[in-house]
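Engineer: with the input below, show me the fold.
(one chain, ligands or ions: 1)
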Amino acid sequence: MRRQAIAITLLSFLTVGIFGQYSEKYRPQIHFSPPANWMNDPNGMVYHNCEYHLFYQYYPNDTVWGPMHWGHAVSRDLVRWKNLPIALEPDKLGYIFSGSAVADKNNSAGFKNSSNTPLIAMFTYHDPEGDKAGRTDYQYQAIAVSRDDGRTWSKFDKNPVIPNPEKLRDFRDPKVFWHEPAKRWIVSLAVGDHIRFYESADMKTWTLAGRFGGEGVGAQTGVWECPDLFPLKVEGTNETKWVLLVSINPGAPMGGSATQYFVGSFDGKTFRSDDPPDRIRWLDHGRDNYAGVTWGNVPNGRRIFLGWMSNWEYAQKVPTAPWRSAMTLPRDLGLRKTSEGIGIVQKFSPETAALRSAEFFNLKNKNADSKLPLGKAGEPMAEITVEIDLTKSSAGEFGIEAANAKGEKMVVGFEAAGKRFFTDRISAGDSSFSKDFIKGRHYAPRINTDSTVKLHVIFDAASVELIADDGTVAMTDTFFPSETLNDFSLVAAAGNARIVKARGWPLRSIWK
Ligand code: FRU
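Structural biologist: Numbering: from 1, shown residues only. Prediction:
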């Protein structure tokens, strides 16, 4: 199997190199996707020696989930990605499930043998035999080291470093960081309905330090997965809060997989949420942003997030070949105090703007009645910003539509009565592959505004990401049109939408 995996991977790298691939139908042009075969969660995200490392759950032999490896890519600018060979392969301890990576600057683990800072990956082993045999102790945590900037990896010979003596069925997805005040590594681990925090001085010996979650806390309609705990400054203050991301699957309000988050404090041992236990907050209100976590070790206090742009309800059925799945665009996270309390705000990482070509429209103080053509971007990749003055608008709803000559369209917009953003892929193309793909429109919660509404939208060949209301709302959706959606309009239903300003840029492919 191993030899076959290497052969297939080599072949796909060669075809990409020789034929300038990444031009298949539906192929994301500005998002990371693997050259071929199956991908899910982003893993091992660490910035080191001027490179953003992106590892990912990868099955190199098919376009559906299978024995998990860690695929690998690096980027110097968060925009263009270089594919690298597989980093970690399954072995007799099991498949390589999700996890994280850190740069061990102090050589705490003693793995350093040159001037190079070792990278240490921490991941979950999933033993498929144990699973098949009906045991519940088939997931445990392990580490591996790279002494050459992530290019090659050796697994630690005394794995697992966190065994599973309590036989906890869901015990996975370690996300590690160095906690300077406690001079300890802290790892967050998803355990069924809660998160556990373990501490260690050397990444090898771990002690349980705290727990968060359990019955009655946050969304409990699915299994908790892929945690991430990190500090963030509240905008405009000197206050730092801790954010805990927790993905859940299934059971998201919009169906399938989604990521919830908590804001609170961390005392070096455990996390406490500032919210009442029954408050649930979602990071993204579309259907295609799951298992996302943030890069560690990024300079200047930046917290950059990347999610898997799919949903377990249909991920293995989407009509793409020879690959399946892409990541979201990288997003810088912040915290803002609003009338709803302190919450996450997102923006597309500023690096993305490097992809803009000359504007294809730039409007000011203009009315959109029913349909205002904005122009064709040529290719489907486009970035659009729109600000609407609600006090001068009568439309029941308005939005940005990307369409093709076949009448297929993807719409992202705002519903005036409910004061909520929506994405609508109902007529955006093929949905025949899964009855779960279309479940009506997707809505974000009501926002608090009577004056302006701002949308920042980025379209790719098969996805759209909306960041709205200056970052308080995010929605991510995939779609599969029979021809590309590159004809853009501002649409307004039953009235006018008063544009304060609107701009659009075609975006260049990152693969050409
Ligand atoms: C999340 C997840 C993780 C697990 C991985 C397996 O999508 O289920 O909990 O580690 O995928 O591929």
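
Engineer: where do the helices sit along the chain?
Structural biologist: Taking DSSP state H, the helices of the chain run over residues 2-19, 128-132.

Engineer: buried ones in stretch 375-390?
Structural biologist: Residues of stretch 375-390 classed as buried: 377, 379-388, 390 (neighbour count, 16 or more other C-beta atoms under 10 Å). Just so you know, the C-beta spots here come from the backbone N, C-alpha and C atoms, and that holds for glycine as well.

Engineer: can you pull the contacts of the residue in the stretch 101-250 of the chain that the ligand sits nearest to?
Structural biologist: With C-beta to the nearest ligand atom, the shortest gap between the stretch 101-250 of the chain and the ligand falls at residue 225, namely 3.6 Å. Residues counted as contacts of residue 225 (C-beta atoms under 8 Å, 6 or more residues apart in numbering) are 98, 170, 172-173, 190, 246-249, 291.

Engineer: those residues also near the ligand: which ones?
Structural biologist: Restricting the contacts of residue 225 to those within reach of the ligand (C-beta under 6 Å from any ligand atom) leaves 98, 172-173, 291.

Engineer: most neighbours among the contacts of residue 225, please name it.
Structural biologist: When the contacts of residue 225 are compared by neighbour count (other C-beta atoms under 10 Å), residue 173 ends up highest, at 31 neighbours.

Engineer: pretty sure that one contacts residue 96?
Structural biologist: No: using C-beta atoms under 8 Å, residue 173 is not in contact with residue 96; the gap is 11.8 Å.

Engineer: so which of the contacts of residue 225 belong to strands?
Structural biologist: Taking DSSP state E, the ones among these that sit in strands are 98, 172-173, 190, 246-249, 291.

Engineer: adding pLDDT, write these out as JSON lines.
Structural biologist: Below are those laid out as JSON lines (pLDDT from 0 to 100):
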{"residue": "98", "pLDDT": "99"}
{"residue": "172", "pLDDT": "98"}
{"residue": "173", "pLDDT": "99"}
{"residue": "190", "pLDDT": "98"}
{"residue": "246", "pLDDT": "98"}
{"residue": "247", "pLDDT": "98"}
{"residue": "248", "pLDDT": "98"}
{"residue": "249", "pLDDT": "97"}
{"residue": "291", "pLDDT": "98"}
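
Engineer: now render the residues you listed as JSON lines, adding distance to residue 62.
Structural biologist: Formatted as JSON lines, the entries for these read as follows, by distance: C-beta to C-beta, whole Å:
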{"residue": "98", "distance to residue 62": "19"}
{"residue": "172", "distance to residue 62": "22"}
{"residue": "173", "distance to residue 62": "23"}
{"residue": "190", "distance to residue 62": "26"}
{"residue": "246", "distance to residue 62": "29"}
{"residue": "247", "distance to residue 62": "23"}
{"residue": "248", "distance to residue 62": "26"}
{"residue": "249", "distance to residue 62": "21"}
{"residue": "291", "distance to residue 62": "20"}
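
Engineer: and of those residues, the nearest to residue 147?
Structural biologist: If you rank the ones in strands among the contacts of residue 225 by distance to residue 147 using C-beta to C-beta, residue 98 comes first, at 23.1 Å.

Engineer: against residue 43, how distant is the closest one?
Structural biologist: Using C-beta to C-beta, to the nearest Å, one obtains 5 Å as the distance from residue 98 to residue 43.

Engineer: residue 434: which of the contacts of residue 225 is nearest?
Structural biologist: Set against residue 434, the nearest of the contacts of residue 225 by C-beta to C-beta is residue 249 (15.5 Å).

Engineer: is the closest one in a bridge, and if so with what?
Structural biologist: On DSSP bridges, the residues paired with residue 249 through beta bridges are residue 223.

Engineer: just checking, it touches residue 308?
Structural biologist: No: under the contact definition of C-beta under 8 Å, residue 249 does not touch residue 308, with a separation of 10.8 Å.

Engineer: how about the residues of this protein by the ligand?
Structural biologist: With the criterion set to C-beta under 6 Å from any ligand atom, the chain comes near the ligand through 40-41, 57, 68, 97-98, 124, 172-173, 225-226, 291.

Engineer: got CSV for these, with distance to residue 25 too?
Structural biologist: Rendered in CSV, the data for the residues of the chain next to the ligand read as follows (distance: C-beta to C-beta, whole Å):
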residue, distance to residue 25
40, 21
41, 25
57, 24
68, 27
97, 31
98, 29
124, 34
172, 34
173, 33
225, 31
226, 30
291, 25
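
Engineer: nearest spatial neighbour of the residue nearest the centre of the chain, skipping sequence neighbours?
Structural biologist: Against the mean C-alpha coordinate of the chain, by C-alpha atoms, centre = their mean, the closest residue is residue 307 at 0.7 Å. Using C-beta to C-beta, 6 or more residues apart in numbering and skipping the chain neighbours, the partner closest in space to residue 307 is residue 292 (2.8 Å).

Engineer: my guess is that neighbour meets residue 261, correct?
Structural biologist: No: Residue 292 is beyond contact range of residue 261, at 10.2 Å (criterion: C-beta under 8 Å).

Engineer: who's more crowded, these two?
Structural biologist: Here residue 292 and residue 261 are set side by side on neighbour count (other C-beta under 10 Å), and the busier one is residue 292, at 24 against 19.

Engineer: what sits against residue 394?
Structural biologist: 494-496.

Engineer: show me the domain layout of this structure.
Structural biologist: With automatic domain parsing serving as the domain definition, the record reports that the chain contains domains spanning 2-350, 356-506.

Engineer: identify the contacts common to residue 173 and residue 96.
Structural biologist: Overlap of the contact sets of residue 173 and residue 96 (by C-beta under 8 Å, 6+ apart) consists of residue 124.

Engineer: and whichever residue of the stretch 251-400 of the chain sits closest to the ligand, how far is that from residue 402?
Structural biologist: For the stretch 251-400 of the chain, the residue closest to the ligand is residue 291, as judged by C-beta to the nearest ligand atom, at 4.3 Å. Residue 291 is 26 Å from residue 402, where distance means C-beta to C-beta.

Engineer: could you do residue 40 as well?
Structural biologist: Applying C-beta to C-beta, the value for residue 40 to residue 402 is 26 Å.

Engineer: so which of these two has more stuff around it?
Structural biologist: More neighbours surround residue 402 than the other of residue 40 and residue 402, with 26 against 23 (other C-beta under 10 Å).

Engineer: wait, that one sits on residue 380?
Structural biologist: Yes: counting by C-beta under 8 Å, residue 402 sits close enough to residue 380 to count as a contact (7.1 Å).

Engineer: overlap in contacts of those two?
Structural biologist: Applying C-beta under 8 Å, 6+ apart, one finds that residue 402 and residue 380 are jointly contacted by 459, 485-486.

Engineer: correct me if wrong: residue 370 contacts residue 490.
Structural biologist: No: applying C-beta under 8 Å as the test, residue 370 and residue 490 come out as separate, 9.8 Å apart.

Engineer: residue ranges with poor pLDDT in this protein?
Structural biologist: For the chain, residues meeting the criterion pLDDT under 70 lie at 1-20.

Engineer: mind listing what's buried in stretch 87-94?
Structural biologist: Of all the residues in stretch 87-94, those buried under the rule 16+ other C-beta under 10 Å are 87-90, 94.

Engineer: to clarify, my last question referred to stretch 449-466.
Structural biologist: Residues 453-466 are the ones in stretch 449-466 that count as buried (16+ other C-beta under 10 Å).

Engineer: which one of the residues you listed is nearest residue 425?
Structural biologist: residue 464 (8.2 Å).

Engineer: who are the contact partners of the closest one?
Structural biologist: With contacts taken as C-beta under 8 Å, 6+ apart, residue 464 has the following neighbours: 402, 410, 412, 423, 457-458, 476-477, 479.

Engineer: same thing but 10 Å
Structural biologist: Residues in contact with residue 464 (C-beta atoms under 10 Å, 6 or more residues apart in numbering) are 286, 288, 380, 382, 384, 400, 402, 410-412, 423, 425, 428, 457-458, 475-479, 485.

Engineer: and residue 261, by the same measure?
Structural biologist: By C-beta under 10 Å, 6+ apart, the neighbours of residue 261 are 218, 228, 243-247, 273, 280-283, 333, 343-344.
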